[in-house]
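In: mind folding the following:
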Amino acid sequence: MDATRALLGRLIDHAALFPPASMTMAEALAEDRRARESEHAWMLGRFVCPSSKFAELGPEPRAVSLVVDSENGITDDRIESLELRGLGQYSGEVYVELPVDESLDQRLDELVVHGLRAKVRCGGASVPTVDELAHFIRGCRERELVFKATAGLHHAYPTRAGEHGLLNVLAAVVFGEEEEALAAPAGSFELDADSFRWGRRRAGAGVVSEARGTLFRSIGSCSFFEPVGELRALGIV
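Out: Residues are numbered from 1 along each chain as shown. From the prediction side, this is the model:
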């Protein structure tokens, strides 16, 4: 087993329909086909599609991550229950995006009770701090709760603008020590077919594969080629 492919395989869910790319369906599918034909297609996960545009997808032979969207949002305090019709025959994964706030632990507990999975937003208008994101990852680990991340993970390492690093998130997942891993500077990690390394820490392909399979599903990115390009420039892939 190859540690590089265990860590990065099917990692990037392609969200070209979403901001900031905001492509049309035709543009997004063309870009997605280009990604599928690239030498790094093994890193490509699902095609992310809002439910409001699913009919536009047509017969495209592509695994899809469907985002149930609402034009006006569901934010009214009077709403205590949300019912989704037509899920009786659905047996796939269901993720719920959670705010990283004082209610996080309670919400994670509720996901476990209902057999749901977690999703965290790492970028956009409100970027979680290192401590907040570490709390989220640790909370999922303690509950054996699979999660995915979206937004703001285009770069391999943290940026001066406050964006989190993709390799840092992966290190937090694989090695634990979440705060330290998320804050690690550029050049902290090494990856090859044999292992994923951080200082004296080393994780072989089996450990990496288990971490991906039991804790971290994927990231959503409006660009496939941007994060791949940065990893290539660093010699990671």
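In: so what pLDDT did Pro59 get?
Out: Model confidence at Pro59, expressed as pLDDT, equals 88.
In: what distance do you get for it to Glu31?
Out: Using Cβ to Cβ, to the nearest Å, one gets 18 Å for the distance from Pro59 to Glu31. (C-beta placed from N, C-alpha, C; glycine too.)
In: and what of Leu153?
Out: Taking Cβ to Cβ as the criterion, Leu153 is separated from Glu31 by 18 Å.
In: which one of the two has more residues nearby?
Out: When Leu153 and Glu31 are compared for neighbours, Leu153 comes out ahead with 23 against 18, by other Cβ atoms under 10 Å.
In: quick one: the strands in this structure?
Out: With DSSP state E applied, the chain shows strands at 12-14, 44-50, 64-67, 95-97, 117-121, 147-150, 189-191, 195-198, 201-204, 216-221, listed in chain order.
In: helices or strands up against the third one?
Out: Counting contacts by 3 or more Cβ pairs under 8 Å, 6 or more residues apart in numbering; DSSP states H and E, strand 64-67 packs against strand 44-50.
In: in its sheet, what does the strand it packs on sit against?
Out: Sheet partners assigned to strand 44-50 using DSSP bridges are listed as strand 12-14 (parallel), strand 64-67 (parallel).
In: flag every buried residue along the longest one.
Out: It refers to strand 64-67. Applying a neighbour-count criterion of 16 or more other Cβ atoms under 10 Å, the buried positions in strand 64-67 are 65-67.
In: closest to Gly206 among those residues?
Out: Checking the buried residues of strand 64-67 against Gly206 with Cβ to Cβ, the nearest one is Ser65 at 26.6 Å.
In: please list all residues in contact with the closest residue to that closest one other than its chain neighbours.
Out: The shortest distance from Ser65 to any residue other than its chain neighbours is 4.1 Å, reached at Arg46 (Cβ to Cβ, 6 or more residues apart in numbering). Going by Cβ atoms under 8 Å, 6 or more residues apart in numbering, Arg46 touches 13-14, 62-65, 218.
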